[in-house]
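Trainee: Provided below are the primary sequence and the corresponding predicted coordinates.
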Amino acid sequence: MNSRKAIVEGLIFMAGEEGLSLLQLQSLLQEVSRTELLALLETIKEEYSHDAKGIELVEYASRYKFVTKEFVYPYGEKLFEQFKKATLSQAAMETLAIIAYRQPITRVEIEEIRGVSCDVMLKKLQLRGLIEAKDRLDVVGKPLLYQVTGEFLDAFELETLAELPELETKEVQEELFVQNKEEQ
């Protein structure tokens with residue numbers, strides 16, 4: 001049987017940057033009293049307070065979340081510098097361009113334009129924070145609608161999508177903005 005402390009720890013970790021309030025934790029762990037939950041949170045805080053751990057449990061704005069300890073930041077900066085320097089493949093750039101110019105757009109629509117499966121590419125672009133699945137199309141199957149993120153704008157030094165360059169050739173415009181001519 002998993003310990004309640006491990007469950008609380010896992011839930012807070014899963015919540016990520018948003019964290020969880022005491023009320024949210026109580027609603028998830030109805031079998032645990034408020035007093036016991038507060039004691040569990042204090043135990044977790046204590047366990048993560050030692051320098052042997054790179055993260056700690058904090059409570060900000062009545063929300064519990066894990067954050068990186070200060071002594072880890074110089075290494076984190078190096079890590080993110082490496083990510084920023086990583087380049088995108090041709091396939092990634094094509095997929096990203098289609099999304100930027102046609103957003104919101106479904107995976108199927110992207111695949112129709114590119115002519116190849118793009119599941120893996122969409123996941124990679126999401127992991128890099130360049131695109132997100134923001135909504136679902138209101139049709140059978142409710143496919144995800146993808147769009148670029150603020151991170152995309154930052155990476156390409158754009159204020160808005162209106163600053164994207166004009167498409168140079170009519171052929172490229174037709175590829176991006178017109179579905180298959182047979183459908184018309």
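Mentor: Perfect, thanks for sending it.

Trainee: tell me the domain ranges of this protein?
Mentor: Following automatic domain parsing, one gets these domains for the chain: 4-71, 87-183.

Trainee: Let me have those domains in TSV, extended by distance to Lys78.
Mentor: Where C-beta positions appear, they are placed from N, C-alpha and C, glycine not excepted. Below are those laid out as TSV (distance: least, Cβ to Cβ, whole Å):
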stretch	distance to Lys78
domain 4-71	13
domain 87-183	18
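
Trainee: between the ones you listed, which gets nearest to Leu79?
Mentor: Comparing the domains of the chain against Leu79 with Cβ to Cβ, the closest turns out to be domain 4-71 (10.8 Å).

Trainee: now the end-to-end length of the closest one.
Mentor: With Cα to Cα, to the nearest Å as the measure, domain 4-71 spans 29 Å from end to end.

Trainee: counting contacts, what elements does whichever helix in the chain runs longest pack onto?
Mentor: Criterion DSSP state H: the longest helix present in the chain is helix 34-48. Of the remaining helices and strands, those touching helix 34-48 by 3 or more Cβ pairs under 8 Å, 6 or more residues apart in numbering; DSSP states H and E are helix 4-15, helix 22-28, strand 55-60.

Trainee: And the contacts of the last one?
Mentor: Counting by Cβ atoms under 8 Å, 6 or more residues apart in numbering, strand 55-60 makes contact with 12, 19, 41, 44-45, 48-49, 64-69, 72, all of which sit outside it.

Trainee: from those, which two are the most distant?
Mentor: In the contacts of strand 55-60, the most distant members under the criterion Cβ to Cβ are Leu41 and Val72, with 22.0 Å between them.

Trainee: For Gly129, see how far away Pro165 is.
Mentor: With distances defined as Cβ to Cβ, to the nearest Å, the gap from Pro165 to Gly129 amounts to 22 Å.

Trainee: Between the two, point out the one with more neighbours.
Mentor: Neighbours around Pro165 and Gly129, counted as other Cβ atoms under 10 Å, are more numerous at Gly129. The numbers are 14 against 5.

Trainee: phi, psi of that one?
Mentor: For Gly129, the backbone dihedrals (degrees, to the nearest 10) come out as phi 80, psi 10.

Trainee: before we move on, what SS does Asp51 have?
Mentor: The local conformation at Asp51, judged by DSSP: H, G, I helix; E, B strand; the rest coil, is coil.

Trainee: can you redo the contacts of strand 55-60 as TSV with neighbour count?
Mentor: Rendered in TSV, the data for the contacts of strand 55-60 read as follows (neighbours: other Cβ atoms under 10 Å):
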residue	neighbour count
Ile12	20
Gly19	19
Leu41	19
Ile44	19
Lys45	14
Tyr48	18
Ser49	12
Tyr64	21
Lys65	19
Phe66	18
Val67	14
Thr68	12
Lys69	14
Val72	14
